[in-house]
Every structure is written in C-alpha cells, then in structure tokens.
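Participant: For reference, the sequence and a predicted model appear below.
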Amino acid sequence: MQGNWVQGRRSSSWLKCGTPSRCATLSWRTLRLHLPPPTLTIAFDAKRYFNNATGLGFYSRTLLEGLRRFYPEHQYLLYTPYNKGEFAASDDGIRLPDSWLGRSFHPLWRSRGITRQLQRDGVEVFHGLSHELPLGLRRAGIRGVVSVHDLIFLRYPNLYPAVDRFFYKQKYLRAAVQADCVVAISEQTKADLQEFFKIPAHNVQVIGQSCDAAFERLSLRHLPERAALPFPQGLKLPDSDYLISVGSLTPRKNWHKLLDALFLLKNQGLEVPLVAVGSGKSAYATSLRVQAKRLGLQVYWLDHHVPTHELAVLYRRAAALVYPSLFEGFGIPILEAMTVGIPVVTTRGGCFEEVGGPAALYANPNDAADLAEQISKVFDTTIRTALISKMPAQIEQFSPEKICAAWMGVYQSRS
C-alpha cells in the first residue's frame, strides 16, 4: 500500500499521507489548509433576471454580477421559464423547464415542478429574488431564502386591483412563512413585514442593494467632468443643465407633483429642463404629457428601454436627480445618482432616508412648494458641494463587496 488517503469534510478532494503514523498526527486544521474551499450550488428564481427591464430585473442582475465577481468558487444556476434575450444572455447557468408540462404551464412549474428539477441538479440553496418560493423545498432538503422588496400593495391598496392584491398576499406571505431566511431590502420593508404579516423582527435580516457597475465606471473618481461625456447616440437632449427623474409613469411615482414643482420654479425665474426616463401607457401617463404641455415645461420623455450604460451617462450629465416617489422598497435611483456624484432631491418618509442619509435633500411628497424649494438648493454651490462631500461614506454602505458578503453569509448559514 502506497499510503493512506484522508478525506476532508465538505470536500471531494483527497490528500495522500506518507505513513499511518504521519496521518495520525495531522489535525483537521492542517488538512483544511491543503483542501480547496467548499463550494455551494445556489439556485435563483431568475424569471426577472432574464426578462425584466425595471427594478426587480436590475436587482437580480446586479446581485448575480457581484456574486460571480467576488465568489467565483460557487455554482450559480438561474431558473427561468423562458428568456426573451433582451436583458441577459443565455449563459451556462441558465436552467429552463425540463418537461413538457413545465414549458407549457409556467406558473405551475415555478411554484411546484421546479423543486424536482432543483433536486436533480444538486441545489443546496434556492434564492427567491422577488418575494416567491416554490413549494416543497424543505422536504427536498433545499434551504429556501427569499428577498422581500416591499409590501406597497398592502400599504397603498388603492393603487392595485383587488385581484392582484389577493394573489400577491397569498404568494408573499407563504414565502415569508416557509423561508429558512427572510431578507428585507430595507428597514422600512422589515417593519412592513412585522406590521402586515406579523413576521417577528428576529426572523428578518436586512440587506440593501448595490447599483450596476456601469455607474461606478462614471463616478467622480473616474470622470470628474460631467459635460465631457457625449450623450448616447440618437437621443436629443438639452445641452444646458437639466434634472433627471427615473421611474415608471404611475401615480405612486408622483410625477404630477414634480411637474407642479417645476412650474413653481419657472414662475420664480428658475426654468430647468427635465429628462423623464420611464414608460407607461395608462391614462395617468398620458395626463402627464398634457400637464407638462399646459404648464409650458421643457420635458424630454424617454419612454423606451434605456440600456444601463446609457442611463448612467444620462445621470452623470444631469445637474441633479429628483425622485419624488411616494413610497418604495429601496429607491435604487438615489444610490445610482450619488454613485456618479450628482445631488439628489427625494421625499421624506419610507426608506429613502436610509439610502440617501445626510447626502440627499428631502421634501414632503404632497407639497409641490417644498419640493420646488429643495430642488432650487441643488443649484447653490455651497449646498451642492456639501452634499457631494457626504456621498462617498453613504454609498460605501451599499458597495457590491458588502452586499455580496452579506448574502454569502446567508447562503452559508446553517441556522
């Protein structure tokens, strides 16, 4: 016999020892120094990763990009019923339904059929990126983790059809109760989980989100001159200072109040163009264009999908971001704007002060005069400089390294 073989825990690698006596003197600590790090097979509900152009899609793609960058030793599998091919490539990690039933009935596969597929693929942890988990994970020996972004449909029920509220509540509550770990994207969402679902505070962990690397590449550390950046090809935008606002054209985003505030500023002699990035085909969306025209405002409506790298340029060229939303789970535009070094005006209440901290200005979302006053402050050089000086410390709290490290702690936890 050439020697003895010793296997380390949680590893398929083997070490060869010269003699039995030598093996007897080796400690587990010594052995583990020579073994490759243990790896996990982590699965994700990736429907929105592949097919969503807005918040949940950005959240999913940004998190996976960070995990692959900082923790490449693990295997990441992305389960989706389909891939439109618009927002993410069909990389090696994609997993589509492996049965006719799953391909034909997507909701059934996502809620039930996927679990058997996860088992066959050797998945150890399943992360529901947007409020949902499939049934049977615990019976299958798979740890379930769910991200909860917001419970706005319960806080503002008038903004959602009754049938949507019913199904959202059933799915979100079931996932929160069944998950081995519930992760809220903000302290505000954690509080809402306690208020509406009665989930104990000690059962909820808070992990925020980082923004896409495209914004970091245009940060103050790399491109200090805003005006030096060319506009994305094909876009006709103002050469002078402009404000930018980002979000779907829905009442919750409070666009109408922003237009009212801009009209007040115009009457005070401060007329600033607005670049409005957001889509919507509702009566509300149509009314915004009518309102802007009636008030004589300069609004550049970008109602198509803007690629992330182009969106980052639009932020960087702007004088400031105005984010007048009534309520969100996190408010990623605030972080995106601060990352590229432009001031932020947003609203009080909810989670926005968690994200912006002392590096942003806040207004009453229902008071156009207050919103107008805060917007005017970003054109004061002293105030502007003070805000920008506070941004590095604020955005550091949401760095990709910190966010991904927190998630890896969740994945590797056995409690």
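Facilitator: Received it, and whenever you're ready, just let me know what you need. Residues are numbered from 1 along each chain as shown.

Participant: What sits closest to Pro157 if chain neighbours are left out?
Facilitator: Nearest residue to Pro157 in three dimensions, chain neighbours excluded: Arg165, at 5.8 Å (Cβ to Cβ, 6 or more residues apart in numbering). No exception for glycine: its C-beta is placed from N, CA and C like everyone else's.

Participant: Likewise for Leu262?
Facilitator: Nearest residue to Leu262, sequence neighbours excluded (Cβ to Cβ, 6+ apart): Leu297, at 5.4 Å.

Participant: three-state assignment of the one you found?
Facilitator: coil (DSSP: H, G, I helix; E, B strand; the rest coil).

Participant: surely it meets Ala261?
Facilitator: No: counting by Cβ atoms under 8 Å, Leu297 sits too far from Ala261 to count as a contact (10.3 Å).

Participant: and these two? which has more neighbours close in?
Facilitator: Ala261 (25 against 19; other Cβ atoms under 10 Å).

Participant: Now do the contacts for the more buried one.
Facilitator: By Cβ atoms under 8 Å, 6 or more residues apart in numbering, the contact set of Ala261 is 322, 324, 368-369, 371-372, 375.

Participant: And for Ala318?
Facilitator: 226, 241-244, 275, 337, 342.

Participant: Tell me how far Leu265 lies from Val378.
Facilitator: The gap separating Leu265 from Val378 is 11 Å, by Cβ to Cβ, to the nearest Å.

Participant: Only the buried residues of stretch 279-289, if you could.
Facilitator: For stretch 279-289, burial by neighbour count (16 or more other Cβ atoms under 10 Å) applies to 279-280, 285, 288.

Participant: what's next to that stretch, contact-wise?
Facilitator: Applying Cβ under 8 Å, 6+ apart, the contact partners of stretch 279-289 are 248-251, 255-256, 259, 276, 299, 301, 303-305.

Participant: Mind checking which of those residues are in helices?
Facilitator: 255-256, 259 (DSSP state H).

Participant: Name the member of those with the most neighbours.
Facilitator: The residue in these with the most neighbours, by other Cβ under 10 Å, is Trp255 (27 neighbours).

Participant: That one contacts Tyr323, correct?
Facilitator: No: shown here, Trp255 and Tyr323 do not form a contact pair, counting by Cβ under 8 Å, at 10.8 Å.

Participant: Identify the contacts common to these two.
Facilitator: 245, 247.

Participant: Could you give the average pLDDT over stretch 48-62?
Facilitator: Across stretch 48-62, the average pLDDT comes to 86.

Participant: mind listing what the residue nearest to Glu401 when sequence neighbours are not counted touches?
Facilitator: In space, and not counting its chain neighbours, Glu401 is closest to Phe70: 6.3 Å by Cβ to Cβ, 6+ apart. Taking Cβ under 8 Å, 6+ apart, we find Phe70 in contact with 400-401, 404-405, 408.

Participant: What residues sit buried inside stretch 408-415?
Facilitator: For stretch 408-415, by 16+ other Cβ under 10 Å, it's 408, 410-411.

Participant: For it, C-alpha coordinates in PDB please.
Facilitator: Output of stretch 408-415 as PDB, limited to C-alpha atoms (Å, rounded to 0.1, in the frame of the first residue of the first chain):
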ATOM      1  CA  MET A 408     -22.900  34.900   1.100                       C
ATOM      2  CA  GLY A 409     -23.300  34.800   4.900                       C
ATOM      3  CA  VAL A 410     -27.000  34.000   4.400                       C
ATOM      4  CA  TYR A 411     -26.200  31.200   1.800                       C
ATOM      5  CA  GLN A 412     -23.600  29.600   4.000                       C
ATOM      6  CA  SER A 413     -25.600  29.800   7.200                       C
ATOM      7  CA  ARG A 414     -27.000  26.600   8.600                       C
ATOM      8  CA  SER A 415     -29.300  28.100  11.200                       C
END
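
Participant: residues making contact with it?
Facilitator: With contacts defined as Cβ under 8 Å, 6+ apart, stretch 408-415 is touched by 40, 42, 67, 70-71, 74, 125, 127, 145, 181, 183, 205, 207.

Participant: taking the residues you listed one by one, which sit in helices?
Facilitator: 67, 70.

Participant: For the contacts of stretch 408-415, pick the one with the most neighbours.
Facilitator: The residue in these with the most neighbours, by other Cβ under 10 Å, is His127 (26 neighbours).

Participant: I'd say that one and Ile42 touch.
Facilitator: Yes: the pair His127 / Ile42 is scored as a contact, 6.5 Å apart, by Cβ under 8 Å.

Participant: still on that earlier bit, from the chain's centre, how far out does the strand or helix carrying the residue nearest to Pro157 sit?
Facilitator: Arg165 belongs to helix 162-178 when assigned by DSSP states H and E. Distance of helix 162-178 from its chain centroid, counting by Cα atoms, centre = their mean, to the nearest Å, is 20 Å.

Participant: So which bits of stretch 261-268 are buried?
Facilitator: Counting neighbours by 16+ other Cβ under 10 Å, stretch 261-268 gives 261-266 as buried.

Participant: Over to stretch 172-180?
Facilitator: Residues of stretch 172-180 classed as buried by neighbour count (16+ other Cβ under 10 Å): 172-176, 178-180.

Participant: Would you reformat the residues you listed as TSV and include pLDDT and distance to Gly136?
Facilitator: TSV is the format used below for these (pLDDT from 0 to 100; distance: Cβ to Cβ, whole Å):
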residue	pLDDT	distance to Gly136
Tyr172	96	18
Leu173	96	17
Arg174	95	12
Ala175	95	13
Ala176	95	17
Gln178	94	10
Ala179	95	13
Asp180	94	13
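
Participant: what residues are up against His149?
Facilitator: His149 neighbours (Cβ under 8 Å, 6+ apart): 55-56, 59, 130-131, 185, 189, 329-330.

Participant: Apply 6 Å and report the result again.
Facilitator: Going by Cβ atoms under 6 Å, 6 or more residues apart in numbering, His149 touches 185, 329.

Participant: same deal with the one 3 residues further on?
Facilitator: Ile152 makes contacts with Phe327, as judged by Cβ under 6 Å, 6+ apart.

Participant: Roughly how far does it sit from Pro333?
Facilitator: On the measure of Cβ to Cβ, Ile152 and Pro333 end up 16 Å apart.

Participant: Pipe the contacts of stretch 279-289 into a markdown table and attach pLDDT per row.
Facilitator: Output for the contacts of stretch 279-289, formatted as a markdown table (pLDDT from 0 to 100):
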| residue | pLDDT |
| --- | --- |
| Ser248 | 91 |
| Leu249 | 94 |
| Thr250 | 93 |
| Pro251 | 93 |
| Trp255 | 97 |
| His256 | 97 |
| Leu259 | 98 |
| Ala276 | 96 |
| Val299 | 96 |
| Trp301 | 94 |
| Asp303 | 88 |
| His304 | 84 |
| His305 | 82 |
